[in-house]
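S.K.: Structure, please.
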Amino acid sequence: MPVSPVHFIFIFLLYQLTGSATSRALKELVGALGGSVTFPLTHSINSIDSIVWTFNTTTLITIQPKTANNQDTVIVTQNHNKKRVEFPHGNYSLKLSKLNKNDSGAYHVQIYSSSLQHPFIQNYELRVYEHLSKPKITMGLQNNKNGTCMTNMTCSMEQGGEDVTYSWKSLGQTTNESHHGSILPISWRLGEKDVTFICMARNPISSNSSNPIFARKLCEGVAGDLYSTMALKFLWIFLLLSVLVLVTIIFITWRQNRKVTESIEEKKMDTHQEILNYYPPSGETSEYDTISNLNKTIPEENSVNTIYSVVQLPQKMEKTHSLPASPETPRQFVYKNVI
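M.R.: You can find the predicted model right below:
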């Protein structure tokens, strides 16, 4: 039996419909934690027998469209989803409310029709994100050298850090600069114009910025180290000057004391020399002994009875300050009687 051109056209349209129905591209959706998301459903199927919504491998909802005598029959398989699902647009597009992190995953819808050889399938991928809070900035190890501060700043999220991208803005320089990435290396020299750094964090549903960070505040250690170094230098100079002044005072005092001591010693030597010069230089020492009346009962004698003695000492007795330690030879005494 020959095939008419009308049959060829019908077969071609049916192939296009069934083929395109089974090769729908994946639709990616994002939702906010606690918010809602709608899974759009577009089709041109008039006679629908049933619709099945699936999450991963679990059936969520089964729908039997209304007929002439009945309304739509909607069966929700899990009780906690009954208040979360609805079909607001009348074309069986699914709206899911009160999203939580566990709602992230793969969703599928299958439309069965007697007019289709294969079911119509649409796939979705849902990701649920949190609204971002202010990002946190931490500073790495700081290197301060010759008044220059060099360090790395890291921007991060304490929570909800999934699929977050970071960027930086540097304000206050000749040209405002931007940098992408969570780590920003900085270099700031004491005395330069202050620079402000701001970290911006973004995820698919929200964005937030950090509090501004000032380079002068961030690099306070540079000024502190510089001032400490200067203070230490001044301290060393002060100590050296103090030691120098102290040594000078000690030296001057020692010189004065030495002069006083030398003056006293010179005076002692002069006095000693005068004492030595007091004795006669000759080898004889004249001593005159006058014997007076010891007892008044003795009658006074005439001058003719007075005896004068002249004593001649040995040569060794010239120095009065050097007496012999042992007895010498008997002294020779010369008596001259004067009558």
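
S.K.: from here on, contacts and neighbour counts on C-alpha atoms
M.R.: Will do.

S.K.: all strands for the stretch 51-200 of the chain, in order.
M.R.: With strands called from DSSP state E, counting those that start in this stretch, the stretch 51-200 of the chain shows them at 58-64, 73-76, 85-86, 94-96, 105-112, 120-129, 136-139, 143-145, 148-156, 165-171, 177-180, 183-189, 196-203.

S.K.: Beyond the lowest-mean-pLDDT helix or strand in the chain, next helix or strand please.
M.R.: Lowest by mean pLDDT, DSSP states H and E among the helices and strands of the chain is helix 5-21, with a mean of 40. Following helix 5-21 in sequence order, the next helix or strand is strand 27-32 (DSSP states H and E).

S.K.: tell me which strands and helices the next helix or strand after that following strand is in contact with?
M.R.: Sequence order places strand 37-39 as the next helix or strand after strand 27-32, per DSSP H and E. On a contact count with 3 or more CA pairs under 8 Å, 6 or more residues apart in numbering; DSSP states H and E, strand 37-39 meets strand 27-32, strand 94-96.

S.K.: which one of those strands lies closest to residue 102?
M.R.: For those, proximity to residue 102 was assessed by CA to CA; strand 27-32 is nearest, at 11.7 Å.

S.K.: Buried residues of the closest one, list them for me.
M.R.: When burial is assessed from 16 or more other CA atoms under 10 Å, strand 27-32 yields the following buried residues: 29, 30, 31, 32.

S.K.: what residues does that strand touch?
M.R.: Residues outside strand 27-32 that contact it (CA atoms under 8 Å, 6 or more residues apart in numbering): 37, 39, 99, 123-131, 204-205.

S.K.: With stretch 73-83 instead?
M.R.: Residues contacting stretch 73-83 (CA under 8 Å, 6+ apart): 59, 60, 61, 62, 63, 64, 65, 66.

S.K.: Near the fourth one, how many other residues are there?
M.R.: Residues lying near residue 62 (other CA atoms under 10 Å) number 18.

S.K.: can you confirm residue 236 is in a helix?
M.R.: Yes. According to DSSP: H, G, I helix; E, B strand; the rest coil, residue 236 belongs to a helix.

S.K.: wait, what's in contact with the nearest residue to residue 160 once chain neighbours are set aside?
M.R.: Of all residues not flanking residue 160 in the chain, residue 130 sits nearest, at 5.6 Å (CA to CA, 6 or more residues apart in numbering). Contacts for residue 130 (CA under 8 Å, 6+ apart) come out as 32, 33, 160, 205.

S.K.: Generate a PyMOL selection restricted to the buried entries among those.
M.R.: Of the contacts of residue 130, the buried ones go into a single PyMOL selection, burial set by 16+ other CA under 10 Å:
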select buried, resi 32+33
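
S.K.: For residue 103, state which of the contacts of residue 130 is nearest.
M.R.: residue 33 (9.5 Å).

S.K.: Verify the contact between that closest one and residue 100 for me.
M.R.: Yes. Between residue 33 and residue 100 there is a contact at 5.4 Å, judged by CA atoms under 8 Å.

S.K.: So for the two, which residues contact both of them?
M.R.: Contacts common to residue 33 and residue 100, judged by CA under 8 Å, 6+ apart, are residue 128.

S.K.: one step back: next, format the helices and strands packed on strand 37-39 as JSON lines and append distance to residue 172 and mean pLDDT.
M.R.: Listed next are these as JSON lines, based on distance: least, CA to CA, whole Å; pLDDT from 0 to 100:
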{"stretch": "strand 27-32", "distance to residue 172": "35", "mean pLDDT": "94"}
{"stretch": "strand 94-96", "distance to residue 172": "47", "mean pLDDT": "94"}
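
S.K.: Tell me where the stretch 151-300 of the chain has helices.
M.R.: 215-218, 220-278 (DSSP state H, counting those that start in this stretch).

S.K.: and these, which one's lowest on average pLDDT?
M.R.: Mean pLDDT per stretch puts helix 220-278 lowest among the helices of the stretch 151-300 of the chain, at a mean of 72.

S.K.: ok so, going back, just put the buried residues of strand 27-32 in JSON lines and tack on distance to residue 151.
M.R.: Converted to JSON lines, these look like this (distance: CA to CA, whole Å):
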{"residue": "29", "distance to residue 151": "40"}
{"residue": "30", "distance to residue 151": "37"}
{"residue": "31", "distance to residue 151": "37"}
{"residue": "32", "distance to residue 151": "36"}
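
S.K.: Return the closest of these with respect to residue 53.
M.R.: For the buried residues of strand 27-32, the nearest to residue 53 is residue 29 (15.7 Å; CA to CA).
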